[in-house]
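> Turn this into a structure:
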Amino acid sequence: MKVAIVFACLLAVAYARPDVSIVRQDSDVQPEGYNFIVETSDGTQHSASGALQNAATDHESLAVKGSYSWTDEKTGEKFTVNYVADENGFRPEGAHLPVAPVAP
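Numbering: from 1, shown residues only. Okay, here's the model as predicted:
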């Protein structure tokens, strides 16, 4: 279900800009996990893989690792976000993202 939501969002973004088209879209969905990659003609990319953790228990969850990137239309600067999403929440990292200071 989550994969379908991600694809629907990416398709909505692509269709919102008629001059942008999907140039690559691959996916592999299995009962215990998934992988996908989507690239558009404007250079935007999103890839992720998810794996079911603690299957058939009260602590069943999905652990996802992925990245997405895009190029700013005004500056031409490329931005990339690498992320992990699991039982500890969504944790993005990117050179353009602020980092919390380390506690003393």
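
> Could you export the lengthiest strand in the chain as CSV, keeping only the C-alpha atoms?
Scanning the chain for the strand with the most residues, using DSSP state E, yields strand 61-71. Once non-C-alpha atoms are left out, strand 61-71 reads as follows in CSV (Å, rounded to 0.1, in the frame of the first residue of the first chain):
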residue,chain,number,x,y,z
SER,A,61,7.5,-2.7,11.1
LEU,A,62,8.9,-1.6,7.8
ALA,A,63,12.5,-0.3,7.6
VAL,A,64,13.2,1.9,4.6
LYS,A,65,16.4,3.3,3.2
GLY,A,66,16.4,5.7,0.2
SER,A,67,17.4,8.9,-1.4
TYR,A,68,15.9,11.5,-3.6
SER,A,69,17.5,14.4,-5.5
TRP,A,70,16.4,17.3,-7.7
THR,A,71,17.9,20.3,-9.3
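
> List the buried residues of it.
By neighbour count on 16 or more other C-beta atoms under 10 Å, the buried set for strand 61-71 is 63-64, 66-70. To be clear about C-beta, it is placed using only N, CA and C from the backbone, and glycine gets the same treatment.

> any idea which of these is closest to Thr44?
Distance ranking of those against Thr44, using C-beta to C-beta, places Trp70 first at 4.6 Å.

> For the closest one, which non-adjacent residue is spatially closest?
Leaving out its chain neighbours, the residue that sits closest to Trp70 by C-beta to C-beta, 6 or more residues apart in numbering is Thr44, at 4.6 Å.

> Just list the residues touching the one you found, thanks.
With contacts defined as C-beta atoms under 8 Å, 6 or more residues apart in numbering, Thr44 is in contact with 13, 20, 68-71.

> Local confidence estimate at it?
You'll see Thr44 listed with a pLDDT of 95.

> Tell me how far it lies from Thr80.
Thr44 sits 11 Å away from Thr80, taking C-beta to C-beta, to the nearest Å as the criterion.

> who touches both of the two?
With contacts taken as C-beta under 8 Å, 6+ apart, the residues that reach both Thr44 and Thr80 are 68-69.

> Before I go, just wanted to say thanks for your time.
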